[in-house]
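Undergrad: Below are the sequence and a predicted model; questions follow.
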Amino acid sequence: MYETEDVPLERKTIYRRYQIGPIGFYWLIAELDPLNNLAFGYANLNNEELAEWGYISVDELLENGAMEDKEWEPCSFMDALTKIEKERKKTDE
């Protein structure tokens, strides 16, 4: 944890994505403490204006129905947002 503290948010590498697809919730994970299964990342609960960076328990995500995106490729935060926007547009078609 705190390894990317000096990296601007938009340039942080996003290593994992968890999501609850049917309701549009997703979490982008930039740091992970595997001993405590605690992550630092970006949470978007289907509301761009209220989305925020913070800490979350991965166990809590999984207990509440989030699934890890096994096809996720690490990328910058800005690239992650672009990927997600493209996915949403494709789904809306």
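TA: Arrived safely.

Undergrad: what about the helices in this structure?
TA: With DSSP state H, the ranges of helices along the chain come out as 58-63, 77-92.

Undergrad: What pLDDT is listed against the residue minimising distance to the centre of the chain?
TA: The centroid of the chain falls nearest to Leu28 when counting by Cα atoms, centre = their mean (1.2 Å). pLDDT for Leu28: 98.

Undergrad: rewinding a little: of the helices of the chain, which stretch is the most buried?
TA: helix 58-63 (a mean of 14; mean count of other Cβ atoms under 10 Å). For every residue, glycine as well, the C-beta is placed using N, CA and C.

Undergrad: name the helices or strands packed onto it?
TA: strand 16-20, strand 25-33 (3 or more Cβ pairs under 8 Å, 6 or more residues apart in numbering; DSSP states H and E).

Undergrad: in its sheet, what does the shortest one sit against?
TA: Its sheet considered, strand 16-20 pairs with strand 25-33 (antiparallel), strand 67-68 (antiparallel) by DSSP bridges.
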